[in-house]
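Q: kindly generate the corresponding structure for this input.
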Amino acid sequence: MNIDGEPLINAVPGEVLDREVILRILHTLGEVTDSVLADFTAAARSRQELYDAEEVRHPEVGKRTTPEVSIDPVGSLINHRTLLAEESEDRLEDAAYAFSAWWADVAVCAVAAALTGLSVTVVRVRAADPAANMEDDELALLPAVPEHVQKYAELAVLLDEPFLSGHDLGPGLLPVGGREYAERAGLRVRSLPDGRVTVVAGGWPEARRRRLWGPQWLEHRAPVLPDTGLLIRHLAEVDAPAAVIAAIREVAVGVDNTVEAKVHADELQKRMDELADDRSEGVADKVRQLEDQANAAWKQGDELPYRLAAYARVLTSHLPTLYRLCDDRSTSNDVP
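A: Numbers count the residues shown, from 1 in each chain. Have a look, this model is predicted:
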């Protein structure tokens, strides 16, 4: 992709984006996400190659029974490079999730706007940008944190304030984790001039993702997407071609199945943890079976950034068709 140092667009936060600009943004997001995913894939490959290199040099690592030690500068270099490769892979994995979720989120906003006749604003497109911080005036234009969540966070933070101030409240009293709860909801603690504290929307990328997508992001690193069945029904209502509906259903189900695999892997891990100290006959074999199932589920779950990119790509490619269909339907409805 070409990088010319200039923003794709410059606009005020509340400005409504026209269709041509939305399509340009989506296509550019696709190029950027593909680049990030390619970097992540290459980093994972490099890390595995270093693992393999160490295994070839020392196939018996971890099996030594004598007190021998080695002086191995080459092995130390491989270990150093492996640590760097692991760190690079971890950071690129975070980027892969963030950019694929951003692309999918904007694509969903564009499709929803086309189907409902609503608008897409600059600030909504920027909401999941992994590198952009937002000021209060922009945050005010995003969907609000649910009122009950805001109230719970404010109460929890207030209950914790004496502990944070260093007061001895006596035995048996513990903090309730107010700041942690606020951060999980995409909020941050702000000190007021009179010394009191309150909670306000966080402007950094992770806070906005938590605010937009809640547990779906926290637990699975996935954006909130429309229910697949509901999306398909809306597409049918505008007479979307069967091929378009089939393509969107396929990628939507792919995302659904991948998220379900993550959930299943977590459930299997909890079951293994429950059996960790059980020495009953047959338990070891059961744990190995669960481990094999969990590894397969995790492997499927690890495909989520690629599934999200595929989802966004299909929505992006069919968006012009949806624009035309929605315009035709609107025109026909206007005819007496």
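Q: quick one, strands of the stretch 51-200 of the chain?
A: 187-191, 197-201 (DSSP state E, counting those that start in this stretch).
Q: tell me the most buried of those strands?
A: strand 197-201 (a mean of 19; mean count of other C-beta atoms under 10 Å). Just so you know, the C-beta spots here come from the backbone N, C-alpha and C atoms, and that holds for glycine as well.
Q: partners of that one, with directions?
A: In the sheet, strand 197-201 lines up against strand 187-191 (antiparallel) (DSSP bridges).
Q: give the buried residues for the helix or strand hosting residue 247.
A: If you go by DSSP states H and E, residue 247 is part of helix 242-275. Residues 244-245, 247-249, 251-252, 254-256, 258-259, 261-262, 264-266, 268, 272 are the ones in helix 242-275 that count as buried (16 or more other C-beta atoms under 10 Å).
Q: what sits up against stretch 277-291?
A: 268, 271-272, 275-276 (C-beta atoms under 8 Å, 6 or more residues apart in numbering).
Q: out of those, which two sit at the greatest distance?
A: Farthest apart among these by C-beta to C-beta are 268 and 276. That separation is 13.1 Å.
Q: just to revisit the earlier point, tabulate the contacts of stretch 277-291 (CSV), appending pLDDT and distance to residue 185.
A: Converted to CSV, these look like this (pLDDT from 0 to 100; distance: C-beta to C-beta, whole Å):
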residue, pLDDT, distance to residue 185
268, 94, 28
271, 92, 29
272, 92, 30
275, 87, 34
276, 84, 32
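Q: can you tell me how far residue 255 is from residue 99?
A: 15 Å (C-beta to C-beta, to the nearest Å).
Q: residue 128 too?
A: Counting by C-beta to C-beta - residue 128 and residue 99 are separated by 9 Å.
Q: now swap in residue 84 and tell me
A: Taken as C-beta to C-beta, the span from residue 84 to residue 99 is 22 Å.
Q: these two - which one has more neighbours?
A: residue 99 (26 against 13; other C-beta atoms under 10 Å).
Q: list the contacts of the more buried one.
A: 29, 32-33, 36-37, 130, 305.
Q: any low-confidence regions in the stretch 151-300 of the chain?
A: 162-174 (pLDDT under 70).
Q: residue 261 is in contact with residue 300, correct?
A: Yes - contact between residue 300 and residue 261 holds when scored by C-beta atoms under 8 Å: they sit 3.9 Å apart.
Q: list the buried ones in stretch 95-115?
A: Using 16+ other C-beta under 10 Å as the test for burial, stretch 95-115 gives 95-111, 113-115.
Q: mind listing the helices in the stretch 51-200 of the chain by residue range?
A: 73-116, 122-126, 136-139, 147-164, 178-184 (DSSP state H, counting those that start in this stretch).
Q: got the buried residues for stretch 134-154?
A: Result for stretch 134-154 [16+ other C-beta under 10 Å]: buried residues 134, 138-139, 142, 145, 149-150, 152-154.
Q: contacts for that stretch?
A: Stretch 134-154 has contacts (C-beta under 8 Å, 6+ apart) with 13-14, 121, 123-124, 126-127, 178, 181-182, 185-187, 198-201, 203, 208, 211-212.
Q: circling back: can you redo the contacts of stretch 277-291 as JSON lines with distance to residue 52?
A: As requested, these are exported to JSON lines (distance: C-beta to C-beta, whole Å):
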{"residue": "268", "distance to residue 52": "27"}
{"residue": "271", "distance to residue 52": "32"}
{"residue": "272", "distance to residue 52": "27"}
{"residue": "275", "distance to residue 52": "32"}
{"residue": "276", "distance to residue 52": "30"}
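Q: counting neighbours, what do you get for the residue nearest to residue 82 when sequence neighbours are not counted?
A: Closest residue to residue 82 apart from its sequence neighbours, by C-beta to C-beta, 6 or more residues apart in numbering: residue 50 at 4.4 Å. For residue 50, the neighbour count with other C-beta under 10 Å is 19.
Q: next, the buried residues of whichever strand or helix holds residue 50.
A: According to DSSP H and E, residue 50 maps onto helix 19-57. Within helix 19-57, the residues scored as buried using 16+ other C-beta under 10 Å are 21-23, 25-26, 29-30, 32-34, 36-37, 39-40, 43-44, 46-47, 50, 54.
Q: which neighbouring elements make contact with that helix?
A: Applying 3 or more C-beta pairs under 8 Å, 6 or more residues apart in numbering; DSSP states H and E, we find helix 19-57 packed against helix 73-116, helix 304-334.
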